[in-house]
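Engineer: test case, fold it:
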Amino acid sequence: MTEPRGPTTPDPSSAGSATGSRRAAVGCALELLETLILTLLIFVGVQTFVAQPYQVEQQSMEHTVEPGEYILVDKLTPRFDGYKRGDIIVFHPPSGFSTGPEGDQPFIKRIIGLPGDTVEVRDDGHVAVNGKELAEPYTFESQPTSARPGSARWSVPPGDYFVMGDHRQASTDSRDFGPISGTEIIGRAALRYWPLARFGFLPAASYRSIAP
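Structural biologist: Residues are numbered from 1 along each chain as shown. As a prediction, the model looks like this:
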């Protein structure tokens, strides 16, 4: 005859091993969650204060920046190195001029006039700032600049900027809505990163030589 077996005593090492595994799994999950939260905070912080990517959907800056290209907008350096004439910027357009599906598609233009400047579109198709004609080799196929009916001369108030697209005939800009407030500027368009064939920095125009 086979004698009946008594109750089995649990193996303490096995229970401890299971508890340790659960603790390790919970610790791993918490560590992963912390990493995800930290990554999200860094991503939001970078986009808010340092740089933000945008896809260009407008024709107004051809051929400097083409529709469909991706650019990186610098939000950091303008905080200690202000905007200059010739900078390419991205900004929120004035009310009534936005074309995005959510009513706030940013615009990309070039700064032509700084606070305190007087900007004039002359009858010969050239632009003058403070009485001096600008040399503008970046304009689309060297097309002339035309004024809008009723206004060809603007005084830029303090804190505002006068902007125009490089493709003047396909651009809604300060000729239509006047100077923009500096508070509406998102940042300086600094880098084109896609397509790779056109990868590179977007240099500001140089206005060292202005025709008298």
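Engineer: and residue 178, how many neighbours?
Structural biologist: Using other CB atoms under 10 Å, residue 178 has 14 other residues around it. Every C-beta, even on glycine, is put in place using the N, C-alpha and C of the backbone.
Engineer: that one contacts residue 153, doesn't it?
Structural biologist: No - using CB atoms under 8 Å as the test, residue 178 is too far from residue 153 to be in contact (11.6 Å).
Engineer: how much space between the residue positioned nearest the centre of the chain and residue 192?
Structural biologist: Nearest residue to the geometric centre of the chain (CA atoms, centre = their mean): residue 73, 3.3 Å. From residue 73 across to residue 192, the span is 11 Å (CB to CB, to the nearest Å).
Engineer: just to revisit the earlier point, so what sits opposite the residue nearest to the centre of the chain in the bridge?
Structural biologist: For residue 73, the beta-bridge partners under DSSP bridges are residue 52, residue 189.
Engineer: start the count at 886, not 1, going forward
Structural biologist: I'll keep to 886 as the first residue from here, and by that count the last item is residue 958.
Engineer: wait, what's in contact with it?
Structural biologist: 936, 937, 938, 939, 975, 1071, 1072, 1073, 1074, 1075 (CB atoms under 8 Å, 6 or more residues apart in numbering).
Engineer: redo that, cut-off 6 Å
Structural biologist: Contacts for residue 958 (CB atoms under 6 Å, 6 or more residues apart in numbering) come out as 937, 939, 975, 1071, 1072, 1074.
Engineer: mind listing the strands for the protein?
Structural biologist: With DSSP state E as the criterion, the chain has strands at 936-940, 955-959, 973-976, 992-998, 1003-1006, 1012-1014, 1017-1018, 1038-1040, 1045-1049, 1065-1066, 1070-1079, 1085-1086.
Engineer: contacts for the longest one, please.
Structural biologist: The contact list for strand 1070-1079, computed with CB under 6 Å, 6+ apart, reads 954-960, 963, 972-976, 1083-1087.
Engineer: and the residues you listed, which of them are buried?
Structural biologist: Among these, those classed as buried by neighbour count (16 or more other CB atoms under 10 Å) are 954-960, 963, 972-976, 1087.
Engineer: adding pLDDT and distance to residue 982, write those residues out as a markdown table.
Structural biologist: Putting the buried ones among the contacts of strand 1070-1079 into a markdown table (pLDDT from 0 to 100; distance: CB to CB, whole Å) gives the following:
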| residue | pLDDT | distance to residue 982 |
| --- | --- | --- |
| 954 | 96 | 22 |
| 955 | 95 | 23 |
| 956 | 95 | 20 |
| 957 | 93 | 24 |
| 958 | 95 | 19 |
| 959 | 93 | 24 |
| 960 | 92 | 22 |
| 963 | 90 | 22 |
| 972 | 95 | 20 |
| 973 | 96 | 18 |
| 974 | 97 | 15 |
| 975 | 96 | 14 |
| 976 | 96 | 11 |
| 1087 | 89 | 23 |
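Engineer: closest to residue 997 out of those?
Structural biologist: residue 972 (10.1 Å; CB to CB).
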